[in-house]
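Novice: sequence unknown, structure follows:
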């Protein structure tokens, strides 16, 4: 199937449909960037940037960036909306439960019955912050629930920020910013047009009101004279 639909946040039909795995919006942006690269290279005689090579690099940049995105076990890209599916938010209750597990496992490690790697293997992908916390704490007996909560909050923020930074480098994000900018410009123009049109309509309505008032006044005067002909003879 050549044509393909895309679930894009950009509210443009060109972002919703495309070919060969790319939306028309992405392809258009890649072509524009390729032309810009070729034009910019004309000023540098030591470089020979081909249009085809530049276009290929632009079209593949999104996939290269996406491979570094943090995803949950379902393959969903982590965002503020679904961060809990990757790193569950801790409170004092759940933090203390994890703290008990850590202390219990420490006892087994000291008895040479278990290793810390055994414990690390029980953790989910998003719980790497616990591994780092244990490795970087010299005296685990001083570890508190608040320490776990702080590490948890930092890990959640880090995952969200990493994905945000990566997505801001992709073609789709640059295209969305351009689209939003264009929409904002169109919106401002539309607002100015509506304001000017509103003023025009108000002035026209007021003029019509004055004209109608004068017309009614003349009609009323004419009717009054016709009803009182004696006044006109005085």
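Specialist: Thanks, I have the structure now. It should be emphasised that the depicted structure is a prediction, and the values quoted were computed from it without experimental measurement. Residues are numbered from 1 along each chain as shown.

Novice: any stretches of the chain with poor pLDDT?
Specialist: Across the chain, the ranges flagged by pLDDT under 70 are 1-66, 170-200, 202-203, 205-207, 209, 211, 213-214, 216-234.

Novice: which element is residue 163 on?
Specialist: In this structure, residue 163 sits in helix 145-167 according to DSSP states H and E.

Novice: quick one: contacts of that helix?
Specialist: Helix 145-167 has contacts (CB atoms under 8 Å, 6 or more residues apart in numbering) with 65-66, 68-70, 77-80, 83, 86-87, 89-92, 95-96, 98-99, 126, 128-130, 132-133, 137, 173. Heads up, the C-betas are built off the backbone N, CA and C, glycines and all.

Novice: nearest residue to residue 116 other than its sequence neighbours?
Specialist: residue 109 (6.0 Å; CB to CB, 6 or more residues apart in numbering).

Novice: assign the one you found to helix, strand or coil.
Specialist: Under DSSP: H, G, I helix; E, B strand; the rest coil, residue 109 falls in the helix class.

Novice: my guess is it contacts residue 117. True?
Specialist: No. Using CB atoms under 8 Å, residue 109 is not in contact with residue 117, being 9.9 Å away.

Novice: ok, residue 103 - contacts?
Specialist: 140-141.

Novice: can you check residue 144 too?
Specialist: residue 99.

Novice: distance check, it against residue 95.
Specialist: Computed as CB to CB, to the nearest Å, the residue 144 to residue 95 distance reads 8 Å.

Novice: just give the number of residues close to the nearest residue to residue 80 once chain neighbours are set aside.
Specialist: Leaving out its chain neighbours, the residue that sits closest to residue 80 by CB to CB, 6+ apart is residue 160, at 5.6 Å. Neighbourhood size, residue 160 [other CB atoms under 10 Å]: 18.

Novice: residue 169 too?
Specialist: 13.

Novice: how about residue 98: what's its closest non-neighbour residue?
Specialist: residue 148 (6.0 Å).
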